[in-house]
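Novice: fold the following.
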Amino acid sequence: MRAIHADESTEYTLGRKKSAEKLKVVAVRVDPAIERRLRLLAETTGRKPSYFLQQLIEGGLGALEQQWLPADVLAQVRAGTVPDPASSHSVPDLFGDLEQ
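Specialist: Numbers count the residues shown, from 1 in each chain. Purely as a prediction, here's the structure:
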């Protein structure tokens, strides 16, 4: 059960106050077979697909950071200070401004 306060800045889950920070939406394209597996998992367990996606992201993000982030940026993330992504690019963004 979830209720959102009128100003939408405070979320309550089962009567308890949840973090005032809003969750962000991220769109991802996946293979149809993966989507079917995710939907089956969600329907079988009674949970939403977004729950399992959140679990996958939280569980795998650390490993991806370890492999892909420069050591100084990784140290900042591990210390709880997540730098602005624009200031931590070690390679040019393929879809960003090409004249940087």
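Novice: strands along this protein, start to end?
Specialist: Counting by DSSP state E, the chain has strands at residues 2-4, 11-13, 16-18.
Novice: from residue 21, how far out is residue 69?
Specialist: Per Cβ to Cβ, to the nearest Å, residue 69 is found 22 Å from residue 21. C-beta here means a position set from N, CA and C on the backbone, and glycine is covered the same way.
Novice: and those two? Which one has more around it.
Specialist: Neighbours per residue (other Cβ atoms under 10 Å) separate residue 69 from residue 21, with residue 69 holding more: 17 against 8.
Novice: name the nearest residue to that one, ignoring sequence neighbours.
Specialist: Spatial nearest neighbour of residue 69, chain neighbours left out: residue 77 (6.8 Å); criterion: Cβ to Cβ, 6 or more residues apart in numbering.
Novice: so how many other residues sit close to the one you found?
Specialist: Residue 77 has 16 nearby residues by other Cβ under 10 Å.
Novice: which residues sit in contact with it?
Specialist: Counting by Cβ atoms under 8 Å, 6 or more residues apart in numbering, residue 77 makes contact with 65, 69, 83.
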